[in-house]
Each structure stands twice: as structure tokens, then as C-alpha cells.
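> Predicted model and sequence below, questions to follow.
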Amino acid sequence: MESAKEFKKVIDTVSTLLDEICFEVDEEGVRASAMDPSHVALVSLEIPRLAFEEYEADNHEIGIDLEAFKKVMNRAKSKDRLILELDEEKNKLNVIFENTGKRKFSLALLDLSASSVKVPEIEYPNVIMIKGDAFKEALKDADLFSDYVILKVDEEKFVVHAKGDLNDFNAEFEKDSSAIISLDVKEEAKSAFNLDYLKDMVKGVSSGDIIKIYLGNDMPVKIEYTLAGVNLTFLLAPRIEG
Amino acid sequence: MESAKEFKKVIDTVSTLLDEICFEVDEEGVRASAMDPSHVALVSLEIPRLAFEEYEADNHEIGIDLEAFKKVMNRAKSKDRLILELDEEKNKLNVIFENTGKRKFSLALLDLSASSVKVPEIEYPNVIMIKGDAFKEALKDADLFSDYVILKVDEEKFVVHAKGDLNDFNAEFEKDSSAIISLDVKEEAKSAFNLDYLKDMVKGVSSGDIIKIYLGNDMPVKIEYTLAGVNLTFLLAPRIEG
Amino acid sequence: MESAKEFKKVIDTVSTLLDEICFEVDEEGVRASAMDPSHVALVSLEIPRLAFEEYEADNHEIGIDLEAFKKVMNRAKSKDRLILELDEEKNKLNVIFENTGKRKFSLALLDLSASSVKVPEIEYPNVIMIKGDAFKEALKDADLFSDYVILKVDEEKFVVHAKGDLNDFNAEFEKDSSAIISLDVKEEAKSAFNLDYLKDMVKGVSSGDIIKIYLGNDMPVKIEYTLAGVNLTFLLAPRIEG
């Protein structure tokens, strides 16, 4: 991959939700999907072979400890080129940063098998396309007053709402606001979600990135975006209100 | 107000000294003054209506929890416009950041009544006008060796002095130093003050801001400066040496 | 000295390894050398009189508490000029920052006598000249997986290697890599060293600085570089493998 620093954000995000992951590698690219340990959120990522400058792979399942992978990726410098290399003999994944000199980290493989959990194909009534940092900041705002957040959409606007004991927060993104790329609404929807999970899901997003939010009533929210050529998809079940 | 980020510094400073505040609002602007909980320091602020781009207000007393206000203001981004709006019906102060989208924080009002404490009108023998960061840095230097500081002034210079058990510190600002704007001295003065309070009082100051220090013998020190169009005044009693 | 901020890095580095130091001052400049408290590492520094813009000194031994000196140097701003001044009468070292105004810190002198430990004159088979940040980053990489590091050199390359329980790390700097200034090798060498000590020794190094590493088999490693005109030399005994 060209930029180690960009790929670092992908691993940063995924490692907040998962402890370990099993990458399924084949000629077409790399895929992985898994439930988080508490089985509330689904994480899925896909790296098409085109995301790599060069790509050469047979069929493999590569189990990785994400804590170790994250520590390694945090050592990436802004001009490092990233090479991922499977050493079958030693049973290691080599993570190589090329710049001045060559720094090679060899990570022990875990004995995992690929998850059978895939992102279910659900038809959603509404799709919101929003600038990543606008959504991310609204979640951080909401975090001041509550540990869950209500996402609402109608034909006019997308709303992020948090209600605390004393104070409350409301972010309104009108259809024609510069934060909104598009608002595709078939039926008004409103659902509550755990805020920590949502914040983790958009952790790697920075200004310029665009997020797709699929929202319905009594449906899990689906969040999609692309980081460093990696397609990330997250699913989070709605919060059942007592 | 035009810049939320600037006003944030005002609330940051005031909230280190006070837990809650009652703003008195009328046609002319906003005022508040209060003693800190330990009754050592007096804090006073005045926001003339001209500090606002637009201003529309009747007479009101608005009691606010400064911890919550500070948390909200810390969410201000550099290009956010700030709107303050009293919602009498819901008994809330709306703090609105406008940028891409509109983020509205609603803070519950506290049942406070305006303080009767005002800044007393004292005639001071000496007034020092000094660049804010020069004074602020000297206080931080002094903090290495002591928890109080001695401020001294004569016709030639303004001195910040700290005496530790082993080591000591001295900052000398000569009349013609570039840090000094003016030195208006009628009688030599020297007094000791609690360093933590002084540091809190100049917390929001950055380079470019100018501080007015009113200093006498056996008198409280008075510190005045303007941040984001807000006039801030602080009074601190001298330390009685044992 | 012209730049207080640069000299700060010297004191930062030395103070991680030593608690106190006795500077030997004479007409030619300033020197000091000492073993760290656990007697594993030797630290030596030399400030030739030319490193100072102006220099005027008789023979003196100046014992200083490095913790206090470091705290003072951390208060240096980027445009401060640094003046060091011995006040024999008060038995203090004055550390003066000149900028707008003059900030004078007076440090109590300690009753130390100059160390008799000097850097021994050893003939080394190999000398590696490497860009400081490349070496420093490799040590930080190694720190992910181990608390010691193996330094290896042959005619072709210089290698920094760390072996953890599960994962391992390898940085290879080929002779013609842009990180290597020169590789002067008479015999292949390989030795293990404590990583914390090595990291402390290069703490003040930033990009642009060049490090000289003297490496042999069963010999202490010698590390030399120059910061703000100060010549720093460190010696670290090899780790005896069990």
C-alpha cells in the first residue's frame, strides 16, 4: 500500500471494536467481518486488490491480534510505504514500513477461522450521505450530556439528538446544509443508539471523508465509508428503551 | 457573537475560579460579578452589547452552571459562530454553534440571584500595562519554586519574584522593555499574592492581549483585560506574611 | 548561548540518566562526566567555549541538581537567549532567559566534586554514522516487543533487532540507504543492550542530527552526537545473555 499512515486509521477504528480478526485473502482482495465481543455491533471490511499498489495472493485465512497490529501501525510515519507479507514457514504476518531503511514487524498468526457472520442484505427506507467530521463532531457533542443518541431523519433534515438529566443537545443538518451530500428519505425514521459504539465506528474518519448512514425504524443503523481504499461497514442494533 | 472559539477562553478562565454565575442581562449588555467559593478573589465580567454582532434583550437574570457551560464551549470549532438564546418557556439557555449545520446545546438555568458584590472603586497609586503572555509566562516560571509570588514596581521596572526553599526566580520588566506598554508609578509598591489564583485569572490570555495591573502596598491587586470583547476584572487580596 | 531551546534538549537527555552533575569549568569550556546511579551507563558532555556566543570563566566546579535544572530549561521559549552566570557570593548558578524582559532563575549549588570517571579510550572495530531520527525511531519500534535490543553490523548493513515472546522486529539499514552516512566495518559485530538506556541516550536527538555508534563484540556500545554545540558521549555495557 502506498500510505501506511492512512491504513493505520483503519486498524485504529477496527481495533476499538474487535480484539482479533481473521482476514480472508484471495485473488480479488482481502475481506473480514466479525461481531464485537459483546455481540452488539457488526464490523465488516473489504480491501479490493486495487487498493494495493501491487497485490499477489493465494487463498488464505490470516488470524491477527488487533492490539498488536494497532501498536505496530501506530509506528507508521507519514512517508512510510506499507508492505504486508505472509511468511507461511514461520507462521507470521510481516508488516514492513519502507522509507529510509526498512522496518519489519513480524506478527504471530492466531489460529482463528473466518467468521460466518456477514452483513445482512437489508432494504433501508432512508440513506443519509454526510461529511464525516460533521457527524463525528455531533456525536462528540452528544457525548457531553448522554450515553446514547437519537438519530432522526425526515425529508427536510437529519438530526442528532441527546437528552441528559438537565441539559440536552440537538444537531440539525438541513437538506441544503453544506454538511449534507444527499438525503434520500422514503419514510420518517427515529431510533436510539449506544453512543460509545457509534463513536468507535467513525473513529478513523477525518474531514473530507464521507459517511453513508442507512436509517429506519426498529432497524439496526448501517454505517459505511471508505478509508485508504478500504471499504468499512458497521451495523449497530437500536437501543430498546425501557 | 462572531467567534465561539474566542468566547470559549472567557468561560475557561471564569470557570476555573467560579462554579456558577448569574448573568444580569439588559438592553446595554451582560454583566456578572461574584466572589470565588473561598472568598479570596473577586471575578467580574461585562459584555457590552457592541461585543455582539446582533443583540436583543430584556432584563433577565440567568443562572448558569459554569462546569456545564465550559464543557459546551470546549466543543466550539474555530469557524463556529456563537448564538446565545434564552428559552424562557423551557427555562433553558440555548448555546448554538452555527457552521455547516447548527449544533444547539440547551443548558438548564439555575435559580441564582445576581450577586451584590461589585468591584469596589479604589484609587490605585500604580498601573502597569504589560503584554499578557509575558506576565503569564513569568507566573508559570515562578510556579517552579513557590506557591506565592511577589509583585514589585518602581519607576524603573516591574518585577515578578518567587522565593523557594533552595532556588529562586526573578523576572524583570524594565520600563523600556518591549513587554511593557506603560508604567505609571506614583509610589513604590510590593505585595505577595497566591500564585494559583493569579494563574487562573490570566488563563485565557494569549499573545497579543494586554493586561492592566493595578498595584499598591497592602491593597488587593486588580487585573483587567479584554477577551473577545468581554471586559474581565479580577481582584485578589494580598497574602499576609506570617 | 544563542538558543535556550536547543540547550534544553541537552539537559533533557542528561537528566533522564543522571540525578545530579558536576560541571568542570575552565578557560577552554565546560566538561562533565558521570556514571548513572545504577552504574550501567556512562554519560559525558563537553561544551567547547566556541559553543557560547560569549564566554568568560575561571576554574570552577559547579554541582547542579539536574531535576531542577531541567524544570528551568523546560521554561525556555523558542526565541530566548540563554545566559549562565555563576554567583559565587550567593553560591548560586543563575540561568537567565533574555527576550522581552529578563527571567532569572537562581539554582542552589550542590556540594559535589568532579567525577574521576572519564570515557575510556577504546579502539573500536566498527563505526556507524546514522541519521539520528532513523536510529531513534528504530529503538521505539523495538520497544513494542522487547526490553532489550540487538545491534548488528556487517559490511553491508546495520541492523536493529528485537525479539518478543510472540512477535519480533527488524530494522535494516543498508550501506547505501539514505539513513546511513557511513559504515566503517572491520569485523562483524553483534551485541544486546538494554533498550531503556539506549532510548534515554538519544532522547534529545531530532531529525537532522547525526549519531556515531561505535560497536564491537563483547564491548560497551559508544554513542556520540552534538546538540546545540554540546558534544555528548554515552557508554553502555552489553547485556549478558543468560
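That came through fine.

> so what does the longest helix along chain A touch, helix or strand wise?
Identified as the longest helix of chain A according to DSSP state H is helix A:4-17. On a contact count with 3 or more CB pairs under 8 Å, 6 or more residues apart in numbering or on different chains; DSSP states H and E, helix A:4-17 meets strand A:41-48, helix A:66-73, strand A:81-87, helix A:195-201, strand A:221-227, strand A:230-236. Placement of C-beta: from N, CA and C, glycine included.

> buried set for the last one?
For strand A:230-236, the buried set under the neighbour-count rule, 16 or more other CB atoms under 10 Å in any protein chain shown, comprises A:230-236.

> do the fourth one as well
Residues A:195, A:197-201 are the ones in helix A:195-201 that count as buried (16+ other CB under 10 Å).

> and of these, the nearest to residue A:20?
Nearest to residue A:20, judged by CB to CB, of the buried residues of helix A:195-201 is residue A:200 at 16.1 Å.

> got the contact list for the closest one?
Neighbouring residues of residue A:200 by CB atoms under 8 Å, 6 or more residues apart in numbering or on different chains: A:13, A:16-17, A:41.

> Also residue A:208?
A:131-133.

> Next to chain C, which bits of chain A? Give me the list.
A:68, A:71-72, A:75, A:77, A:92, A:100-108 (CB under 8 Å from any CB of the partner chain).

> Could you rerun that using 6 Å?
Proximity of chain A to chain C, by CB under 6 Å from any CB of the partner chain, involves residues A:68, A:71, A:75, A:100-108.

> Show me which of those are buried.
Looks like the residues of chain A next to chain C have A:68, A:71, A:75, A:100-108 buried, using 16+ other CB under 10 Å.

> near chain B, from those residues?
Restricting these to those near chain B - CB under 6 Å from any CB - leaves none.

> Helices - which of those residues land there?
A:68, A:71.

> pLDDT for the buried ones among the residues of chain A next to chain C - can I get that in JSON lines?
Listed next are those as JSON lines, based on pLDDT from 0 to 100:
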{"residue": "A:68", "pLDDT": "96"}
{"residue": "A:71", "pLDDT": "97"}
{"residue": "A:75", "pLDDT": "95"}
{"residue": "A:100", "pLDDT": "78"}
{"residue": "A:101", "pLDDT": "80"}
{"residue": "A:102", "pLDDT": "90"}
{"residue": "A:103", "pLDDT": "95"}
{"residue": "A:104", "pLDDT": "97"}
{"residue": "A:105", "pLDDT": "97"}
{"residue": "A:106", "pLDDT": "97"}
{"residue": "A:107", "pLDDT": "97"}
{"residue": "A:108", "pLDDT": "97"}
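
> where in chain A is pLDDT low?
Along chain A, segments meeting pLDDT under 70 span A:1-2, A:241-242.

> Around the spatially closest residue to residue A:17 that is not a sequence neighbour, count how many other residues there are.
Sequence neighbours aside, residue A:36 is the residue nearest to residue A:17 in space, at 4.8 Å (criterion: CB to CB, 6 or more residues apart in numbering or on different chains). Neighbours of residue A:36 under the rule other CB atoms under 10 Å in any protein chain shown: 17.

> Please apply the same query to residue A:23.
Neighbour tally, residue A:23, other CB under 10 Å: 19.

> Buried residues of stretch A:90-101, list them for me.
A:92-93, A:95-97, A:99-101.

> re the thing from before, now for the buried ones among the residues of chain A next to chain C, which pair is the farthest apart?
So, those by CB to CB: farthest apart are A:100 and A:108, at 27.5 Å.

> ok so, going back, output the helices and strands packed on helix A:4-17 as JSON lines; include the columns distance to residue B:24.
Formatted as JSON lines, the helices and strands packed on helix A:4-17 follow (distance: least, CB to CB, whole Å):
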{"stretch": "strand A:41-48", "distance to residue B:24": "49"}
{"stretch": "helix A:66-73", "distance to residue B:24": "52"}
{"stretch": "strand A:81-87", "distance to residue B:24": "60"}
{"stretch": "helix A:195-201", "distance to residue B:24": "36"}
{"stretch": "strand A:221-227", "distance to residue B:24": "45"}
{"stretch": "strand A:230-236", "distance to residue B:24": "46"}
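
> Residue C:120: which of these is closest?
Judging those by CB to CB, what sits closest to residue C:120 is helix A:66-73, at 38.3 Å.

> Tell me the helices and strands packed up against that closest one.
helix A:4-17 (3 or more CB pairs under 6 Å, 6 or more residues apart in numbering or on different chains; DSSP states H and E).
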